[in-house]
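Enquirer: Give me a 3D structure for the following:
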Amino acid sequence: MPLNHSITAAEKRQSAAGVSLRGRRAILRTSESGMLGTRQNAEGGNTMRKVIVAIDGSEVSKGVIRYALHYAAREADAELLFLHVIPVSEDSTLFYGEGAVFVPPSNDAVKREFETFIDKELRAMCATPEKMSVTVRSGRVSDEIVQFAIEEDAYMIMIGHRGLSGLERFFLGSVASKVVANAPCSVYVYRPKELREKK
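Expert: Numbering: from 1, shown residues only. As a prediction, the model looks like this:
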């Protein structure tokens, strides 16, 4: 996505603090909070502040959860909607063979697993968000995240950037960029400091 705005150092600090860039589209390459990018819709967003927090159970997801909890602590009207997508696509045939039938795990079982995953982070931070929920869906990860944001009229999406390489990047590395390109709202891409330092 082309840059439509030249971002000053002051605006970077504002964006990292959760201040919206109204009426603009922008990409932030780095910030002190570990954020890689943000996209703001032209209308300036909603007032309900439903925040989609996309997680996959990785260490990076823990950082995304912590950032989301900090955000909710600052924004009293924020509602955290944690989302995990069980990946199901034609790429499965490359791993299971032509004509193989891929049976995804039960959404209910996965939901319980991620509720436990999130609860551990809540207890570690002694945090209790006023409004939160956990949703599990199946499908193409980026498509499902974007669709969920549309259905919920989300104010923002938070997603992690994993430092993938090789075959992993070929299959998984474009999820964050596709979400940024197609989301109907602001997107914050969390990139851990250690991954930035490896570049």
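Enquirer: for the helix or strand hosting Ile145, which positions count as buried?
Expert: Using DSSP states H and E, Ile145 falls within helix 141-152. Going by neighbour count (16 or more other Cβ atoms under 10 Å), the buried part of helix 141-152 is 141-149, 152. To be clear about C-beta, it is placed using only N, CA and C from the backbone, and glycine gets the same treatment.
Enquirer: Repeat that for stretch 178-188.
Expert: Buried residues in stretch 178-188, counted by 16+ other Cβ under 10 Å: 179-180, 182-188.
Enquirer: And it, end to end?
Expert: In stretch 178-188, first residue to last residue: 13 Å (Cα to Cα, to the nearest Å).
Enquirer: what about the strands in this structure?
Expert: 35-37, 50-54, 79-87, 132-139, 156-160, 186-190 (DSSP state E).
Enquirer: mean confidence score for the third one?
Expert: When you say that, I think you mean strand 79-87. Across strand 79-87, pLDDT averages out at 93.
Enquirer: do stretch 155-162 as well
Expert: The pLDDT scores in stretch 155-162 average 90.
Enquirer: before we move on, the earlier item: quick check: which of the strands of the chain is nearest to Gly63?
Expert: Taking Cβ to Cβ, strand 186-190 is the member of the strands of the chain nearest to Gly63, at 5.6 Å.
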